[in-house]
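Chemist: have a look; sequence and predicted model below, questions after that.
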Amino acid sequence: MKHTIGTTGLIFNEPLLWEKGAPGRTGFSMPKRDVDPAPLDSGLKGEGPDFPDLSELEVVRHFTHLSQWNFGVDSGLYPLGSCTMKYNPKTNERQASLPGFAGSHPLLPPELSQGALKLMFDLQHDLAEITGLPAVTLQPAAGSHGELTGMMVIAAYHRSKGRPRGKVLIPDTAHGTNPASAALCGLKSIPIQSNENGILSPDTVAGLMDEDTAGIMITNPNTLGLFEENIRKIADIVHARGGLVYGDGANMNAIMGIVNVNAAGVDVLHLNLHKTFSTPHGGGGPGSGPICVTRELEPFLPVPRIVQADGQYRLSEDHPQSVGKIHAFYGNFGILVRAYSYIRSMGNELKKVSQLAVLNANYIKERLRDVYHLAYDRPCMHECVFSDALQQENGVATLDVAKRLMEYGFHPPTVYFPLVVHGAIMIEPTETESKESIDAFIDAMRAIAREARENPETLHEAPRITKVRRLDETAAARKPCLKD
Amino acid sequence: MKHTIGTTGLIFNEPLLWEKGAPGRTGFSMPKRDVDPAPLDSGLKGEGPDFPDLSELEVVRHFTHLSQWNFGVDSGLYPLGSCTMKYNPKTNERQASLPGFAGSHPLLPPELSQGALKLMFDLQHDLAEITGLPAVTLQPAAGSHGELTGMMVIAAYHRSKGRPRGKVLIPDTAHGTNPASAALCGLKSIPIQSNENGILSPDTVAGLMDEDTAGIMITNPNTLGLFEENIRKIADIVHARGGLVYGDGANMNAIMGIVNVNAAGVDVLHLNLHKTFSTPHGGGGPGSGPICVTRELEPFLPVPRIVQADGQYRLSEDHPQSVGKIHAFYGNFGILVRAYSYIRSMGNELKKVSQLAVLNANYIKERLRDVYHLAYDRPCMHECVFSDALQQENGVATLDVAKRLMEYGFHPPTVYFPLVVHGAIMIEPTETESKESIDAFIDAMRAIAREARENPETLHEAPRITKVRRLDETAAARKPCLKD
Amino acid sequence: MRYLPHTSEDIAAMLQVVGADSLDGLFSTIPEDCCALVDMNLPEPLSEWDLNAHMGDLADVMAVSPEYKIFLGAGSYDHFIPEAVRQLLLRSEVFTAYTPYQPEISQGTLQTIYEYQTLVTRLLGMDVANASMYDGASGLAEALLMAIRITKRKKVAVSMAIHPLYRRVVSTYFSPTGFEVIELPYGKNGQTDLSGLGPLDELAAVAVQSPNFFGCIEDLQAVGNAAHTDSKTLFVSCFSEPLAYGLLKNPGSFGADIVCGEGQSLGIPRSFGGPGLGIFTTKQAYVRSMPGRLVGQTVDKDGKRGFVLTLSTREQHIRRERATSNICSNQGLCATAATMYMAFLGGTGIRELAALNRDKAEYLKGKLKQAGCAIPFDSPTFNEFVVQFPGGAETACKRLLDKKIVAGLPLGKYYTELADHALVCVTETCSKADMDALAKEVTS
Amino acid sequence: MRYLPHTSEDIAAMLQVVGADSLDGLFSTIPEDCCALVDMNLPEPLSEWDLNAHMGDLADVMAVSPEYKIFLGAGSYDHFIPEAVRQLLLRSEVFTAYTPYQPEISQGTLQTIYEYQTLVTRLLGMDVANASMYDGASGLAEALLMAIRITKRKKVAVSMAIHPLYRRVVSTYFSPTGFEVIELPYGKNGQTDLSGLGPLDELAAVAVQSPNFFGCIEDLQAVGNAAHTDSKTLFVSCFSEPLAYGLLKNPGSFGADIVCGEGQSLGIPRSFGGPGLGIFTTKQAYVRSMPGRLVGQTVDKDGKRGFVLTLSTREQHIRRERATSNICSNQGLCATAATMYMAFLGGTGIRELAALNRDKAEYLKGKLKQAGCAIPFDSPTFNEFVVQFPGGAETACKRLLDKKIVAGLPLGKYYTELADHALVCVTETCSKADMDALAKEVTS
Ligand SMILES: Cc1ncc(COP(=O)(O)O)c(C=O)c1O
Ligand SMILES: Cc1ncc(COP(=O)(O)O)c(C=O)c1O
């Protein structure tokens, strides 16, 4: 296509840090020494780590060059399904770097940290409003950490009732962290198949739910981008057998202000602030995974909890049923500041956020359905899932489509997940993409579908214009080289 | 070469701003309106400018993409002769953005701006120390603006002596701004040829200097990277005929703490803070071009001048002989903050700066002299000047060498200047480049010299890997398209 | 030192190649009598951390909002700047680059400046803009010199309602030349009084500022007509607050020949008066007489769109003493900031923001009138206006300072006849509450 | 809203393609009983400018240096962070990228993490490091679970001189499991007392921290020997202040099997306790039992060096319930900051900086002794130590607060037997003058 966004230009090779530099150089400004050296038993002294010595400019160029090999949301459309790669507002970075926040010590006496405590207290309130679940902890450092915390809460609840349970129901569409988190709580996960519509049937659940089952972990909207329409019925079944419903809220971006998660029967829900609430992913983290629970489960939340009395905020440890601490301090506070800034900036426009996110996803679904096989032909939420079924006959697989998309200037969607769809192509545009941006993506996807028929080779060979081409992952795993 | 720094990677096409967006979008957070609209005579109202409406993300991506088409000091070696492309320390940016500086209004009462006034007062002192010339103004916004100011001072001096003069001597190696600045002062420039050694001979000057000549503009070290060894003798000749010596200090990076400009006989000197004192060039500016003068010329400096009395600083207008104001306020204060930060960070290590800058330049000169024609075979200062004389026989010109250097990952040197050297290649590495970085540049230059012999085509075709290839500058000038 | 990468081994090895015995040995060509005999007397180097502390101390004694409520404009305006502008400006590929002499690796800078040129011509209604001048004042001086070059005349008429500091820079630029400035007085309504404008046949230009220094919107139609009664005379319209043209008819629509001024308002911090942005625009016919750099569109070897510096035969590095100006480095990064700012604002935004500025200023004007202040000039204003404070401007301002309110700029220093007047500015950054507070304090 | 690009025309056009009549129409599949019946009760949206003011108000009431002199460490350390780190971290290609699942366009992140893995293994003397854990506490918990997986045993011995908050996180992780924690007391000298360490044959791991919570440097040789008297038992060494290993012998050299801890010290702001950096390293033999992501070196189709996520069969997205951990998002950007910080510091720098930290701490220790404070533990310390304040820690600290000095962390809350003791920390950010002031105030 003439108007391809992706093109090539001059970038720079850059060696590993220790392939540069020379002993005696420095990139650091050493504070001047105003005290005498103190003796230290030579038995304790090491040689000091073998780090390269580099000038400030050498280090600056190193990381400037490296950054140019990366693709971020600021580089272009990043429709990575289930990851909600929306715009990360610049103002959030300003707020998080305010000296009063960035420079504050977590163990200061509460009277010296009222600003941070108030921010967390109010953020908890906002998340409760958004989910409908009244009690919140901000301590988990990521979604998966939230799952772990949530399942601990559920386990503690059952223990408190004097009847610990050993199993948990998990749909086959669930993210890998769900069973892994359950396992850490000593819970055996029982897989549930989703039905022909890509969602759970109450009967299936009814068939599996028993008195040794702690409950169910259900992602809603699920990883097929579909709303679990039977969630309320399923919750009733689970509750009837004394179980609890864990909600994976990674996809909350689809339903803010639209669904009341509490009303839907969910007892515990985790949120990914680094998805729905616009905080950056930083190439892997840090994230933040608060959990929101019903009043009944509040006593089990991690400590310390923030309590307010006549305008003063303090940290309370006095919660005997609490699962305890899950983070050394209070979680990823710097991420909380960003999410709080975002919520303050949006207010009730968060409902608009969800509406537009869902609009963008359905628009893509409709405009690509004739050239890619649509796994489940139903209205979708924040994302839509295709497969390579139509391309397979030309020997073209999802991976080839993904790699070729890079050359068109887009980040590929999530691929080969969820596992229930063979060769899945999971597309989540998010609401911050404009119609033009999405149309350009659609044009690229359609052009690639054409290429798959007309010259599959271009797809097999892709990407050619990136800093490196397809990498040998098998070799990497066979004899791992994990450091120099 | 295997270890070429330059390579290609994925970058992005980006349309012009108004080729994007849609009416009604915005990237700006409109403050909420707390007053009523006031009536305005419709005769005064316009339609409002035809600007595109873009979302914050659209604008962020736009300028992120554009930045990737650029080469800066943080991208790699930038040996642009006469421009002193040294590292721009990150801490300087922090200091300049302090709210107390960035947010301060120039017309606040002095008692509310003591910090800025003290900074400027102390910076003046430091520049006087570095040059040996006791009186300083920081008002000129760039080097050329400094030249203009300096020549105005000289003109004012002659007027004050009751005998205005009409001419000024300017060497053929001078930067174009010198004659242009002189012309703005109504001075006719009389060119002086430099001698076979690339510097000025006293006799030549003596032959041209007369009572109608205001003085001489001399760049030292000059644009051939050579020190004007006869400067003292020349100054005596000029002074003897009642003239004054203007020094173009753009190349001060070679001689800090080594030469006393005052002792060398210079009466007025401009400095380029955006060269010698590490402030960024920003793709064209802003710069800052303070001038330093002798006590005798101090009365002619622009107003307001900063005066100090018992610890308080104020702005004084009371200088009857002053040339007046040259900038609406006090010059590019934000640049002064950066230069001040740099000088405070370096102290007397500024001498080391000059020593290493000169070492780097001489090292390059020695290691390339066998493959490129060295214009003047003498010890150089901050830069060395080669030509394409040896390459011409293969039909390769300086421009080809420059374009090919890009593909090796380096910014080209200054080319075709100074005019006295046909096909000049003017290389100024600066002191912030490490030996390895300079060796890599030398390897590239030598490889190119080889290519010039073995396959000149690669050079004529270069650059191939940049966002755009050689551009049609003739067409651009023939029918100028200066806006959409 | 972290900026100096040379180890002693590096230095030794390089000295050997160079054939010098020591670093001092590199300077053998410098005669004794030029050498610095004593070390520079500079303070000890500061660590990054001590520098932070030191600069913090200097910056902390400066009076800035929100601690102070500042109603000061007069050529330097307090407007909100999106954090996104600040962060994008730190993209080092742009920020640490030099002038785009090598277009193949400078397209980022070049396209940005092309966009800048286009947006400012649209804002001002002109044909062409250059890549920037130092500031509004030197821009005006160069505009008048350009008119003199074009018309080959020696006199210009300049309104006294143009920023007094700009006019002082003009007279500095004029002083070494034989050229003459005729001052046009301002009238009772605060607009330029053209009645004294006699036979134009020796005038190279008639120059006014709108909104003028008093904040008054000039009758550009009338000025244009007056100027153009002589076919050769150029109509120069300058400004210090370009945001006004988000709302007002632009000077181009009144036939201005050169429109120039200060662009600090467009996303650039005040920074104690600089760096700002000299905006300079003119008509197509005069492009070759224009000072400063120009970016033009062209194509590369493969026919791809690209941008280059063009028409440089006007400039000093080619034309030397016969150049249209001596300017070389300009205010490129500030032009970049302005381009980003205009892009974030958009056409809808700039109109809304301009209206908000004027509406707030009108609100305060009304409040001050109620509070018993006289408003001497009755012609329409944008976001600044002149006020006569009961009991004199100097004293009123002094008194308000104790309340951490900077009430405006006392005008006595610039116009003796306005000794008890002050110039008051209101932008979108002033809240109703701040304005009410000022009005209240004025009378108390 | 500036983050939402859709115009009403866009929405209309897209709805038509989708075949919905309205935005609400998009949610037809959501049953009544799940719907939110009332609007969310959230505060009105703030403009960027009101947000700045609001956040400024919240941040301004926090106690931070330089206004306060803070001698508080205890797992969160005040070290100077180069401005260059801050600016490089804002490079949006890295900062707005997700986990590097697509290596061809993620080499920046991948090479950085590979460099991170290499540098931390060099710092700690270990074979392999993962791409990071959430923090030091959860890292320790995962280390102990890993030892349990490897040894198939159910008990671990944990020193009471390990950070009390880390130990609480460990017990939270252990609570749903049947696993047991045996606590090892600390001795008179502040080091872990191993004498109670009986027959090891059921112990999966022996875990200590060095420097420990009291700042005391543990005798890792002794701990290693004790742990390894049983060939299966793993020696786990954790830390909260990695800078110590710029100066001290690293845990690897004492044969530690797993070394993990908190990396906040390495160029990451304290930020009220997070985000920090969970550093996790082990021996080659155990790499396949390790939690978390790993980056490995490989080659591309053309034989060029490149980096990928590897050994992911250990991880949840492949292995699901049988994964070595549930961790998915980690602390990548903090690992990036630490890599930059270690690169700026260099081998020479980190040694000098570590020495400076200890020397300053020793200086204050001496000063406080002179001032009449008791130092209960006599084993060597790095940049933290325990002090007994005359008249009790709580009261002393309270009194010093009025002088805007945070003298340390009162220990009574964590160790009843140390009720009148406080943990005092000194880094390179504390000047001699600050320390003298503290010593003076303590006695007054
Ligand atoms: C559906 C779902 N659940 C859980 C997670 C885990 O979240 P985190 O990576 O923050 O641990 C993810 C992240 O990709 C997810 O998509
Ligand atoms: C020798 C010399 N003189 C003067 C100048 C003009 O300086 P500026 O660009 O700051 O006006 C330059 C800039 O290139 C120069 O190299």
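Modeler: Nice, thanks for sending it over. Ligands and ions are numbered 1, 2, ... in the order given.
Chemist: all contacts plus neighbour counts: C-alpha atoms, from now on.
Modeler: Noted.
Chemist: now do the helices in chain C.
Modeler: Along chain C, counting by DSSP state H, helices occupy C:8-18, C:48-60, C:83-89, C:92-95, C:107-124, C:136-151, C:164-174, C:220-227, C:316-319, C:332-370, C:393-402, C:432-443.
Chemist: and what of the stretch 101-250 of chain A?
Modeler: Remark: helices assigned in the stretch 101-250 of chain A by DSSP state H, counting those that start in this stretch are A:114-131, A:143-160, A:177-184, A:202-208, A:231-240.
Chemist: roughly how far does residue A:230 sit from ligand 2?
Modeler: Using C-alpha to the nearest ligand atom, to the nearest Å, residue A:230 is found at 71 Å from ligand 2.
Chemist: and the helices of chain C: which comes nearest residue B:293?
Modeler: Smallest distance to residue B:293 across the helices of chain C (C-alpha to C-alpha): 18.5 Å, for helix C:164-174.
Chemist: quick check: which helices or strands does the closest one pack against?
Modeler: In terms of contacts (3 or more C-alpha pairs under 8 Å, 6 or more residues apart in numbering or on different chains; DSSP states H and E), helix C:164-174 is packed against helix C:136-151.
Chemist: so does the helix it packs on get close to chain B?
Modeler: Yes: using C-alpha under 8 Å from any C-alpha of the partner chain, a contact is recorded between helix C:136-151 and chain B, made by C:136, C:137, C:138.
Chemist: now the helices of the stretch 101-250 of chain A in CSV, with distance to residue A:265 and mean pLDDT?
Modeler: Shown next, in CSV, are the helices of the stretch 101-250 of chain A (distance: least, C-alpha to C-alpha, whole Å; pLDDT from 0 to 100):
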stretch, distance to residue A:265, mean pLDDT
helix A:114-131, 12, 98
helix A:143-160, 15, 97
helix A:177-184, 19, 96
helix A:202-208, 13, 97
helix A:231-240, 5, 98
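Chemist: and of those, who's closest to residue A:354?
Modeler: Residue A:354 lies closest, by C-alpha to C-alpha, to one member of the helices of the stretch 101-250 of chain A: helix A:114-131, at 11.7 Å.
Chemist: show me which residues of that closest one are buried.
Modeler: By 16 or more other C-alpha atoms under 10 Å in any protein chain shown, the buried positions in helix A:114-131 come out as A:114-121, A:123-131.
Chemist: okay, the angle between it and helix D:48-60?
Modeler: 130 degrees (axes from the mean of the first three to the mean of the last three C-alpha atoms, to 10 degrees).
Chemist: please report how far the residue of the stretch 151-300 of chain C found nearest ligand 2 lies from residue B:284.
Modeler: Nearest residue of the stretch 151-300 of chain C to ligand 2, counting by C-alpha to the nearest ligand atom: residue C:292, 11.2 Å away. Distance from residue C:292 to residue B:284, counting by C-alpha to C-alpha, to the nearest Å: 11 Å.
Chemist: now residue A:48
Modeler: Distance, residue A:48 to residue B:284, by C-alpha to C-alpha: 45 Å.
Chemist: what's the burial count for the residue of the stretch 151-300 of chain C closest to ligand 2?
Modeler: Residue C:292 has 27 neighbours, counted by other C-alpha atoms under 10 Å in any protein chain shown.
Chemist: what touches both of residue C:292 and residue B:284?
Modeler: Residues touching both residue C:292 and residue B:284 (C-alpha atoms under 8 Å, 6 or more residues apart in numbering or on different chains) are residue C:330.
Chemist: my guess is residue A:287 contacts residue A:273. True?
Modeler: Yes: the pair residue A:287 / residue A:273 is scored as a contact, 6.7 Å apart, by C-alpha atoms under 8 Å.
Chemist: comparing these two, which residue is more hemmed in?
Modeler: Neighbour count, other C-alpha under 10 Å: between residue A:287 and residue A:273, residue A:287 has more, with 33 against 26.
Chemist: ok, for that one, nearest residue in space, not its chain neighbours?
Modeler: Leaving aside its sequence neighbours, residue A:287 sits nearest to residue A:142 (C-alpha to C-alpha, 6 or more residues apart in numbering or on different chains; 4.8 Å).
Chemist: just residue A:264 next, same as before
Modeler: Nearest non-adjacent residue to residue A:264 (C-alpha to C-alpha, 6+ apart): residue D:34, at 4.5 Å.
Chemist: which residues touch the one you found?
Modeler: A:232, A:259, A:260, A:261, A:263, A:264.
Chemist: what's the burial count for residue A:393?
Modeler: Counted with other C-alpha under 10 Å, residues neighbouring residue A:393 total 11.
Chemist: should've said residue A:347
Modeler: 17.
Chemist: check residue C:417 too.
Modeler: By other C-alpha under 10 Å, neighbour count at residue C:417 equals 10.
Chemist: do the one 10 residues further on as well
Modeler: Residue C:427 is surrounded by 24 other residues when neighbours are defined as other C-alpha under 10 Å.
Chemist: got the residues of chain A near ligand 1?
Modeler: Proximity of chain A to ligand 1 (C-alpha under 6 Å from any ligand atom) is limited to residues A:82, A:83, A:142, A:143, A:144, A:175, A:177, A:248, A:250, A:272, A:287.
Chemist: ok, of the contacts of residue D:34, which one's closest to residue D:412?
Modeler: For these, the closest approach to residue D:412 (C-alpha to C-alpha) belongs to residue A:261, at 42.4 Å.
Chemist: just give the nearest non-adjacent residue to that closest one, would you?
Modeler: residue A:131 (5.4 Å).
Chemist: OK, contacts around that neighbour?
Modeler: For residue A:131, the contacting residues are A:256, A:259, A:260, A:261, A:262, A:292, by C-alpha under 8 Å, 6+ apart.
Chemist: how much space between the closest residue to chain D within the stretch 151-300 of chain C and residue C:346?
Modeler: Closest approach of the stretch 151-300 of chain C to chain D (C-alpha to the nearest C-alpha) occurs at residue C:267, with a separation of 14.2 Å. Using C-alpha to C-alpha, residue C:267 is found at 13 Å from residue C:346.
Chemist: for the residue of the stretch 151-300 of chain C closest to chain D, grab phi and psi.
Modeler: phi 90, psi 20 (degrees, to the nearest 10).
Chemist: go on, residue C:185?
Modeler: phi -70, psi 170.
Chemist: can you pull the contacts of it?
Modeler: Applying C-alpha under 8 Å, 6+ apart, the residues near residue C:185 are C:159, C:160, C:161, C:192, C:193, C:194.
Chemist: can you rerun that using 6 Å?
Modeler: C:160, C:193 (C-alpha atoms under 6 Å, 6 or more residues apart in numbering or on different chains).
Chemist: same thing with residue A:397?
Modeler: Residues counted as contacts of residue A:397 (C-alpha under 6 Å, 6+ apart) are residue A:388.
Chemist: residue contacts, residue 153?
Modeler: Defaulting to chain A. Residues in contact with residue A:153, defined by C-alpha under 6 Å, 6+ apart, are residue A:300.
Chemist: switch to chain C, that's the one I care about
Modeler: residue C:204.
Chemist: run the last query once more with 8 Å
Modeler: Per C-alpha under 8 Å, 6+ apart, neighbours of residue C:153: C:202, C:203, C:204.
Chemist: re earlier: which one of the contacts of residue D:34 has the most neighbours?
Modeler: In these, the most neighbours by other C-alpha under 10 Å go to residue A:261, 30 neighbours.
Chemist: I figured residue C:360 hits residue C:429, correct?
Modeler: No: in this structure residue C:360 lies outside contact range of residue C:429 using C-alpha under 8 Å: 9.6 Å.
Chemist: what bits of the stretch 51-200 of chain C have low per-residue confidence?
Modeler: For the stretch 51-200 of chain C, no stretch has pLDDT under 70.
Chemist: excluding its backbone neighbours, what's nearest the residue in the stretch 301-450 of chain A that ligand 2 sits nearest to?
Modeler: Nearest residue of the stretch 301-450 of chain A to ligand 2: residue A:409, at 37.6 Å (C-alpha to the nearest ligand atom). Nearest residue to residue A:409 in three dimensions, chain neighbours excluded: residue A:6, at 3.6 Å (C-alpha to C-alpha, 6+ apart).
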